[in-house]
Every structure is written in C-alpha cells, then in structure tokens.
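S.K.: return atomic coordinates for the entry below.
(chains A and B)
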Amino acid sequence: MMVRRRGDWLTAKVGDILVMMSRRKVNHVEVNEVGVRIWELIETPQEFDALCGRLQQEYGIPPDVCRPEVEAFVTDLAKRGAVTLDPPPAAA
Amino acid sequence: MTKPPEELLALPVGPATVGQNLRRAVASGSLAENADGTFTRAADPNENPNWLYVTNGPPLGCGFLMHFMFRHAYAEAAVPHGCSACYKVKAVLRTLRELVAAWQIAKAIQCRSKWGTDLNNPYSQNIYAGYFYVAGLDAAHALFKVVREAFAEDPKLGPDIALTIKRGCSEYEAALGPSDRYAFTPEMAELEAYLKSRFREHKADHHPSMVVANWIETAFRIGDDTYLDFTDGTRLREKTLTYDRR
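M.R.: This is a model prediction of the structure:
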C-alpha cells in the first residue's frame, strides 16, 4: 500500500499541542509527535511497510504496536482527505 | 438543622420559587430530570470549544453554579451563593502570539485559569483573553501583582498587557446590575448544597487540538498573522487574486 499526501494541509504546534489543519476546508486532525513525523515522511509517497520500518527504527516501537497504529492513523487521514492509500506499483 | 427539600425548593427568587423555576426548565427541555431525581443540563448547541484550562487548583464548580443554579434554579434572578467569593483576574491579549505566551506562563502559576478566544462571549469586546479564578478580592489583588510581574518579564508580553479584576461572571452583572450589590443569604447556601447532590455534570468532549485549531482559524480570519509562529510560517489559506487595480 502506498501512502501519498493529498490536498493541502499544514501542521501547527501551539504550546505542547500538535494539530494538522486543512488549508482548503475547516477541518483538523489531532496528531502526536509520531503523527507529525509520518506527515513529514510521506512528503515523498511511501510504501506502508517501509514507513512502518522507518518509524520502528526511529522510535523503537515494536512492529506489532507500530503497524496497527500507523494503519489506523493513515486510514483516518484518508477518510479526511489528507492522504490516499493506493496499491503498490506493479513490479516491472 | 437541614431543612426538608420541599422547604428549600420553596425559596422565592424573583417572581417564582426555585421549585417552580426547575419545573419550568424541565418542561422547556433545558434541563432533564433523571429517574434517580438528578438533573442534567441539555447540551448547548452554542457551546464552542474555545478554551484551554489550566487546572492548578481544586475544581470551581462553574457548571453547577452558573449553568445550573444561576440559569435554571434561580432563573437569572440571583447570583449563586457559591459564587460570592469568586473574583477573576482577566488578561486581554492582542494576538495569538500573546495568548499562547500568557497561557504558558499561567501553567506555572498556582491558580486555575482558562485561555482562549472571547469572540463568542456577548459580554466581551475582546478577541483573546485569559481568566485566573481566585477566592476573594484580597487574593485577586495579590494574584494581579504576580501576573503583572510574570507578564512583564516575558518578551512576547511585556508590561502593557491589559489586566483587570472582576467579580463573578459577566452574565450576572448583565442580569442583576453591578457586582458590588449582590446579595447572598444563608438559605441560598443551604439550597445549593442540597441541589449539588441532585446535579449531574454534563461534560462536553472538546479535544485540545480542536481548541487550538479554532484559535488558528480565528487568528487567520481577523488578520492576526502571528498564527504563522505556530505553522512554521505556512499560511492557513492563500489570498485570492483581485482585479481592482489597473
């Protein structure tokens, strides 16, 4: 699954509170530090497994915790129109 | 000795008794009376997630005192006894940058406070505000000094931030006149203690992220570009193209 940014969103940090906001509509998503990192990483479209691998490495999160949480997060972003989740490109 | 409930509810406040006021509020749907005899406020469709709270201190019970006692039990004809010692040090902030700086300072001050946008408050002419809650006027004056000094030392705030001391909620003065003329009786204290046991708090579920998103939306809409401090300089929305100049 490819995770790709969609639409036009920004991230804001106010005090210790992080939020992603749509630049087109009045819409926002609550995020944490890892969520912001995911958003940074998918500035270039990422394959889901590679994204999880990167986060596991950077934050020391076990795979069985990381994968479902990242999947839930990107699925929520997809519902809000912030990302698209596409099948991986077919092998040449 | 505690009076029986029917006697407490027969307390006249303005043109009606407290019991009559409560029955009217239930009939109108503003209050729900639960099977166990407790009351719950109906959800307020105008309630906006504008405030972040600093909970340095015991709860104040504003949900019970203002939203239940004042609005329904007293039908805006009396200020609750439980609010008799409530004073607020109000800070008026000019920009989102100042609001956030003041809120951060408030976290280190041992006093409950709330911070946010005051645009939906019909009694306020301010855009951003913070309120510290204290018991008694002497405590308010002491806190005023602490806040003034703390703000003065912060480069984002300085010594010119408007600070005032007010008593209770603005709604009270709007309904009943100047706050130095409020009257409180021991019967009110007894009644409020009784009704507190019959009140079930309605908690709105506002995430902090929703509040700060609203702050940024507000800043953008009023042309306060200090919100860019918090978005790495990214504009929330770009200006549209205009064609008025030739």
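S.K.: middle-most residue in chain B, spatially?
M.R.: residue B:169 (7.0 Å; C-alpha atoms, centre = their mean).
S.K.: likewise for chain A?
M.R.: Closest-to-mean residue, chain A, C-alpha atoms, centre = their mean: residue A:38 / 4.1 Å.
S.K.: thinking that residue is in contact with residue A:58, fair?
M.R.: No: contact criterion C-beta atoms under 8 Å: residue A:38 and residue A:58 do not qualify, at 10.6 Å. For glycine as for every other residue, the C-beta is placed from the backbone atoms N, C-alpha and C.
S.K.: quick one, longest helix in chain A?
M.R.: helix A:63-79 (DSSP state H).
S.K.: what does chain A put close to chain B?
M.R.: Counting by C-beta under 8 Å from any C-beta of the partner chain, chain A comes close to chain B at A:10-15, A:17-19, A:21, A:23-24, A:26, A:28-31.
S.K.: redo that, cut-off 6 Å
M.R.: Neighbours of chain B within chain A, by C-beta under 6 Å from any C-beta of the partner chain: A:10, A:12-14, A:17, A:19, A:21, A:23, A:28, A:30.
S.K.: mind listing what the one helix or strand residue A:20 maps to pairs with, with the direction of each?
M.R.: Secondary structure from DSSP states H and E places residue A:20 in strand A:17-22. Using DSSP bridges, the strands paired with strand A:17-22 are strand A:9-14 (antiparallel), strand A:28-31 (antiparallel).
S.K.: can you pull the alpha-carbon coordinates of it into PDB?
M.R.: Provided in PDB are the C-alpha atoms of strand A:17-22 (Å, rounded to 0.1, in the frame of the first residue of the first chain):
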ATOM      1  CA  ILE A  17      -0.400  20.600  21.300                       C
ATOM      2  CA  LEU A  18       0.000  19.400  17.700                       C
ATOM      3  CA  VAL A  19      -2.600  19.600  15.100                       C
ATOM      4  CA  MET A  20      -2.900  19.100  11.300                       C
ATOM      5  CA  MET A  21      -5.300  21.600   9.600                       C
ATOM      6  CA  SER A  22      -6.700  21.600   6.100                       C
END
